[in-house]
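S.K.: sequence below, structure please.
(one chain, ligands or ions: 3)
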Amino acid sequence: MKVRDCDEGDLIARFVNVLPQGERTIVGSGDDCALISCPEPSFLVTTDTLVGESHFLKAWSTGAEIGARAAAQNLADIAAMGGRTSALVVSLVLRGDYDVDWLVDMVQAFGQRAREAGAGVVGGDLTGGEELIISVTAHGWVDGPPVLRSGARPGDIVAIAGTLGRSGAGLELLSRRIVDPSVHDDILLGDFAEAVRIYRAPEPPLEAGPIAARHNAHAMMDVSDGLVRDGGRMARASEVMLEIDSSLLADDVEALDAAAQACGHHAMEWVLFGGEDHPMLATFPPQVVLPSPFRAIGVIGAVSPGDQPGIRLDGQRLSGGFDHFRQDNS
Ligand SMILES: Nc1ncnc2c1ncn2[C@@H]1O[C@H](COP(=O)(O)OP(=O)(O)O)[C@@H](O)[C@H]1O
Ligand SMILES: Cc1ncc(C[n+]2csc(CCOP(=O)(O)OP(=O)(O)O)c2C)c(N)n1
Ligand SMILES: [Mg+2]
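M.R.: Ligands and ions are numbered 1, 2, ... in the order given. Here you go, the predicted structure:
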């Protein structure tokens, strides 16, 4: 059955059937608004939109992978404040010729990621249009003070939780047809499985956000546009220098060895400039024993007089990463 064979109410009923309600939901999908409890004096809110051809291709990813990706990207933003997600709303722009089963798979996978994070999916909107667009708004809360991008201080340890570079490598493997886009089986994907899986549906370490907050992280953000671009944003917000030690990125580089050989590419490029793995980048005071799953990748330095905040690798200043409106994406 195709979307054009259903009416809106029909589709929404199919979605609601597979979506989690969420523990903080008082009124879920079906009224003019959802009503969510927030006993804390303030709440977190963030939004991110995914567009077919720009963030994913229907030819490369299943509906379930696209749905999981849309949820993960938004859940990661809440986690990156040290928070937990209470409720998501999801608005869809759909074409009439989409398969309803495909769509329900997408919504179900979106709901499953929300469920795993303890969140409800409490509403949304449906509109017709030419390109598949998934626009998500997430609401959440943080126990204690939120962890901002602007709190990094000289002397802090720079740490990361989650992977770097896998999504960028997966994108290149698919773009260059080194991996057949119709293959979704990890066994068949072999050495490329992790990169392609994470490109299709990122696996951000959501629990790391609140863990970092409890261990007094000074600053945190998730990495969506690449370590260098997002690290540069943290550096500017905090007016510091992120000093990354390349030897501490060796495990990420090694994990991409097979992909790098197949693409004739330096794995370090993906690790530094590839986005969309959504790991948590955080800084911790120097005396802290880093909590699992964080690992150190560098230190925070002061900005020398006359210099600008930024990010350096082994002392060399870096710039670049993903930007929707520039041609220099690396
Ligand atoms: N259209 C907009 N109007 C106002 N603020 C925006 C708009 N687009 C992005 N922002 C804000 O700019 C900041 C950076 O956005 P973005 O790079 O998308 O962050 P993230 O990687 O966390 O999704 C965020 O605080 C976001 O809310
Ligand atoms: C088909 C395809 N081409 C290119 C990319 C690469 N790409 C698209 S968006 C993006 C960065 C993250 O997306 P953005 O919308 O900037 O998310 P945000 O920073 O707002 O979280 C990257 C690396 C992709 N994911 N899929
Ligand atoms: Mg965004």
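S.K.: give me the element the residue lying closest to Val89 once chain neighbours are set aside is part of.
M.R.: Closest residue to Val89 apart from its sequence neighbours, by CB to CB, 6 or more residues apart in numbering: Gly123 at 4.6 Å. For every residue, glycine as well, the C-beta is placed using N, CA and C. Using DSSP states H and E, Gly123 maps to strand 120-128.
S.K.: helices or strands next to that strand in the packing?
M.R.: Where contact means 3 or more CB pairs under 8 Å, 6 or more residues apart in numbering; DSSP states H and E, strand 120-128 is packed against helix 8-18, strand 84-94, helix 100-116.
S.K.: would you mark the buried spots in the last one?
M.R.: Going back to what we said before, that points to helix 100-116. Of all the residues in helix 100-116, those buried under the rule 16 or more other CB atoms under 10 Å are 100, 103-115.
S.K.: now those in a markdown table, with pLDDT?
M.R.: Below are the buried residues of helix 100-116 laid out as a markdown table (pLDDT from 0 to 100):
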| residue | pLDDT |
| --- | --- |
| Val100 | 96 |
| Leu103 | 97 |
| Val104 | 97 |
| Asp105 | 98 |
| Met106 | 98 |
| Val107 | 98 |
| Gln108 | 98 |
| Ala109 | 98 |
| Phe110 | 98 |
| Gly111 | 98 |
| Gln112 | 98 |
| Arg113 | 98 |
| Ala114 | 98 |
| Arg115 | 98 |
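S.K.: tell me who's in contact with Val107.
M.R.: Counting by CB atoms under 8 Å, 6 or more residues apart in numbering, Val107 touches Arg14, Phe15, Val18, Leu19, Gly67, Val90.
S.K.: can you narrow these down to the ones near ligand 1?
M.R.: Taking CB under 6 Å from any ligand atom as the test, ligand 1 is in contact with none of these.
S.K.: in PyMOL, how would I select the buried members of these?
M.R.: Here is the PyMOL command that selects the buried residues among the contacts of Val107 (16+ other CB under 10 Å):
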select buried, resi 14+15+18+19+67+90
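S.K.: in JSON lines: the contacts of Val107, plus distance to Ile78 and pLDDT.
M.R.: Putting the contacts of Val107 into JSON lines (distance: CB to CB, whole Å; pLDDT from 0 to 100) gives the following:
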{"residue": "Arg14", "distance to Ile78": "27", "pLDDT": "96"}
{"residue": "Phe15", "distance to Ile78": "22", "pLDDT": "97"}
{"residue": "Val18", "distance to Ile78": "22", "pLDDT": "98"}
{"residue": "Leu19", "distance to Ile78": "18", "pLDDT": "98"}
{"residue": "Gly67", "distance to Ile78": "18", "pLDDT": "98"}
{"residue": "Val90", "distance to Ile78": "15", "pLDDT": "98"}
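S.K.: wait, which of the contacts of Val107 is closest to ligand 1?
M.R.: Nearest to ligand 1 out of those is Val90 (CB to the nearest ligand atom; 15.7 Å).
S.K.: could you measure from the closest one over to Glu239?
M.R.: 37 Å (CB to CB, to the nearest Å).
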